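Asker: I would like the atomic coordinates for the input below:
(2 chains)
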Amino acid sequence: GPKVLQIPSHQIIDMGQMVTLNCDPVSNHLYFYWYKQILGQQMEFLVNFYNGKVMEKSKLFKDQFSVERPDGSYFTLKIQPTALEDSAVYFCASSLLLGGYEQYFGPGTRLTVL
Amino acid sequence: QQKVQQSPESLIVPEGGMASLNCTSSDRNVDYFWWYRQHSGKSPKMLMSIFSNGEKEEGRFTVHLNKASLHTSLHIRDSQPSDSALYLCAASSQGGRALIFGTGTTVSVSP
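Answerer: Below you'll find the model as predicted:
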C-alpha cells in the first residue's frame, strides 16, 4: 500500500537545540499532518498543512514549532528551541483529500531531548 | 475531557476467541470513525472505517456504528496472536482535518 517515509527514525538532542524532522508523504497526497505520541500515551494531533499553509493546529503546536514543504520536497517539522517535554514519537501522516479519506502514517521519529 | 473514549483499557482474549472493543465520541460534529491498529513500536495502520449507521465486515473484523449515540464498536473473531496490539479509535468531522484519537485498547491474545 501507499507508504509515508520519515527520517531520521531516532534523534537525540540537548534541550535548547533545534531539530528538524523529515517526512516524505505519499506522492499524490495533498494533505499532510503531524501527530505526537508520548510513550504509553495517546496519539495527539499537532498540525495539518495544505497547499503551502497551516490549515489547522492544536494547542500542542507551540510557537517553537513550524512546518513547511519547500518546493514539494520533504514535509518538515522544526522545533526551535526544544524542551524536555518535546520528547515523544512524532508521526507524519498524509491523505489524498479530507473527509472520508484515510490518513496514512509513517513509521515515526523518536525524539529524545536531554 | 476526552472527546473520544475507549473501553476497555485492556483486554486478554484466548486464541480463537472474540474481542470486542468500544468507542464513543462526545463531539456531535463527528462524521467519520476510524479504527487503527498499532503494534508495539510501529505506526498505526487503518483497519476499518465506518461512516454510516449499521455494520461493516471485512474478514475477521466487524465494526458497528450508531450515529445517534456516536458509538462504534470493533469485533475481532477467531483472534490470533498477531492481533495483539494497541487498537486506536479515531473520529473526524466533514470539514475537519484532525483525527481525534482515543486512549486505545490494548489487546493481548494468549496462545
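
Asker: In its sheet, which strands sit next to the lowest-mean-pLDDT helix or strand in chain A, and in what direction?
Answerer: Least confident helix or strand, chain A: strand A:53-57 with a mean of 93, by mean pLDDT, DSSP states H and E. Applying DSSP bridges, strand A:53-57 is found paired with strand A:43-50 (antiparallel).

Asker: what's in contact with the strand it pairs with?
Answerer: Residues outside strand A:43-50 that contact it (CB atoms under 8 Å, 6 or more residues apart in numbering or on different chains): A:30-37, A:54-58, A:60-61, A:65, A:67, A:69, A:75, A:77, A:90-91, B:44, B:88, B:90, B:97-101. All C-beta atoms are positioned from the backbone trio N, CA, C, and that covers glycine.

Asker: Just the buried subset of those residues, please.
Answerer: A:31-37, A:55-58, A:60-61, A:65, A:67, A:69, A:75, A:77, A:90-91, B:44, B:88, B:90, B:97-101 (16 or more other CB atoms under 10 Å in any protein chain shown).

Asker: Contacts only, for A:Leu111.
Answerer: A:Leu111 neighbours (CB under 8 Å, 6+ apart): A:11, A:13, A:19, A:21, A:79, A:82, A:86-90.

Asker: just B:Lys56 next, same as before
Answerer: Shown in contact with B:Lys56 (CB under 8 Å, 6+ apart): B:48, B:50, B:62-63.

Asker: Now rank those by neighbours and give me the top one.
Answerer: Neighbour tally across the contacts of B:Lys56 (other CB atoms under 10 Å in any protein chain shown): the maximum, 23 neighbours, falls on B:Val63.

Asker: Break down chain B into its strands, ranges please.
Answerer: In chain B, the strands defined using DSSP state E lie at B:4-7, B:10-14, B:19-25, B:30-38, B:45-50, B:54-58, B:61-66, B:71-76, B:85-93, B:100-101, B:105-110.

Asker: Please convert the ones you listed to a markdown table, extending it with distance to A:Leu96.
Answerer: Listed next are the strands of chain B as a markdown table, based on distance: least, CB to CB, whole Å:
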| stretch | distance to A:Leu96 |
| --- | --- |
| strand B:4-7 | 23 |
| strand B:10-14 | 33 |
| strand B:19-25 | 24 |
| strand B:30-38 | 14 |
| strand B:45-50 | 13 |
| strand B:54-58 | 20 |
| strand B:61-66 | 22 |
| strand B:71-76 | 23 |
| strand B:85-93 | 14 |
| strand B:100-101 | 20 |
| strand B:105-110 | 28 |
